[in-house]
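[1] mind folding the following:
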Amino acid sequence: MFDDLSLNLVRFLLGLGLGSAFGFVARRGRFCTLGAIEDSVYANDTRRLRSWLLAIAVAVVGVHLLEAHGELDLTKSIYTGSRLELGALILGGLIFGFGMALNGTCGMGTLRQIGGGDLRAVLTFLVMGVTAMMTMRGLTGIARVAVTDPLAVDLGNTATQRLPLLAGFTGQGATIAAIAIGLVIAVYAFAHREFRATPRFAITGLLIGLIVVGGWWATGIVGYDSFDTRRIESFTFVGPLGETLLYGMLSTALSLDFPIGAVLGFVFGAFVAAISDGTFRWQIPASAAEFRRRVAGAFMMGFGGITALGCTIGQGVTGVSTLSVGSIIAIVSIVAGARLGLYWVVERGPRTARSSVLATSIPATAGAPRMNRVSCTEP
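    The predicted model follows:
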């Protein structure tokens, strides 16, 4: 099917297809990490959080099966090397999480909102994408390297960040241990009665986990080129936003590849979902205060996401699927930063100040108060 295409175009087309599926599923399933944290903290509702955990569980099992039986080489990814970017993962994660709370969603949520007609998310996309490129190759990148490089830990030439290998498992034993970890996470997700009673969230987590596995298959097996220096990858939504902007400006000097296809496909899939379920509507910032908050949050996400080597999807699902210690540190830092950001936006200061910048609310559940919210609110 792909015999006449260059491998970068193969990866682009697979990214486009898988990204479309991701965007459709994420919008229909209300998959939002910040929303999941808000629901858990303010409404005592962990269903969306468990959907995220189920996606991780499926991705862990699928990726390690691909490694064992599909010739996937995870040492070619950014997550498993012998250099643990400890300071970058913690600092970048905290900054990304705080920015996510200020902005109201993460990079993935930004694309989902664009697909639904939210012009506020276009602003986030532009600021986040430009900041990501600046942090990779520009002025803010100088600050990133200066601050975080001294805090990196060299694990040695033969070391790894992967939990099963660190625990002493090798070969088939490492695969079995990894699958066991994934199954334990899945069992924990399904242990909640309300989650089991809401198939929408379970199906969403299952499908997103499979789509992330599909991303690894696309770049690490079908589209893998042993002579290419590009690392294998799956879905992440910080750097690819910048790559998509850069390709739009300098297409003759760049090549299409998986990340650009994933971004374009995700927006298309979210658009189809919004049109088909009647939730598409044009939206603009409600006030100058919201505009400022979104710009600040997008800048922090662009800087923090590149520093932490990923976002709630790039580290939180794709990275954790490799069972990398670095990815686990990054996602814990992102969640901590998001919780601090939610406190800053939702809880601190007088109620009148909070309600002036927050437009919607979290429905109250049994025993939980009605609270203002900042995250995505698609039906």
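
[2] which residues in the stretch 251-379 of the chain form strands?
    Using DSSP state E, counting those that start in this stretch, the strands assigned to the stretch 251-379 of the chain run over residues 360-362, 371-373.

[3] ranking those by mean pLDDT, which is last?
    Among these, strand 360-362 carries the lowest mean pLDDT, at a mean of 41.

[4] list the buried ones in the helix or strand harbouring residue 64?
    Using DSSP states H and E, residue 64 sits within helix 47-69. The neighbour-count check on helix 47-69 (16 or more other Cβ atoms under 10 Å) flags 47-68 as buried. Yep, even glycine has a C-beta here, placed from its N, CA and C like the rest.

[5] now swap in stretch 73-83 and tell me
    74, 76, 77, 78, 79, 80, 81.

[6] before we move on, what about stretch 174-185?
    Under 16+ other Cβ under 10 Å, the buried positions of stretch 174-185 are 174, 175, 177, 178, 179, 181, 182, 185.

[7] pick the one among these closest to residue 98.
    The nearest member of the buried residues of stretch 174-185 to residue 98, counting by Cβ to Cβ, is residue 185 at 26.1 Å.

[8] give the contact list for that closest one.
    The contact partners of residue 185, taken as Cβ atoms under 8 Å, 6 or more residues apart in numbering, are 53, 54, 56, 57, 60.

[9] now residue 84: how far from residue 333?
    Residue 84 sits 13 Å away from residue 333, going by Cβ to Cβ, to the nearest Å.

[10] then residue 45?
    Residue 45 is 24 Å from residue 333, where distance means Cβ to Cβ.

[11] now swap in residue 166 and tell me
    For residue 166 relative to residue 333 (Cβ to Cβ), the value is 19 Å.

[12] neighbour-wise, which of the two wins?
    Just comparing residue 166 and residue 333: by other Cβ atoms under 10 Å the higher neighbour count belongs to residue 333, 23 against 14.

[13] hmm, residue 88 and the more buried one touching each other?
    No. Using Cβ atoms under 8 Å, residue 333 is not in contact with residue 88, being 10.0 Å away.

[14] which parts of the stretch 201-350 of the chain are helices?
    Under the criterion DSSP state H, counting those that start in this stretch, the stretch 201-350 of the chain contains helices at 239-249, 258-277, 288-307, 325-342.

[15] now stretch 273-281: buried residues?
    273, 274, 280.

[16] so the last one versus residue 94, what's the distance?
    Applying Cβ to Cβ, one obtains 34 Å for the distance of residue 280 from residue 94.

[17] pick out the residue closest to the middle of the protein.
    Computing the C-alpha centroid of the chain and ranking residues by Cα atoms, centre = their mean puts residue 313 first, at 1.9 Å.

[18] look up how far residue 237 lies from that residue.
    Distance from residue 313 to residue 237, counting by Cβ to Cβ: 6 Å.

[19] repeat for residue 204
    Residue 204 sits 17 Å away from residue 237, taking Cβ to Cβ as the criterion.

[20] between those two, who's got more neighbours?
    More crowded of residue 204 and residue 237, by other Cβ under 10 Å: residue 237, with 30 against 23.

[21] the nearest residue to that one once chain neighbours are set aside: what's it in contact with?
    Spatial nearest neighbour of residue 237, excluding adjacent residues (Cβ to Cβ, 6 or more residues apart in numbering): residue 107 at 3.2 Å. Residues in contact with residue 107 (Cβ under 8 Å, 6+ apart) are 128, 236, 237, 238, 241, 301, 305, 311, 312, 313.
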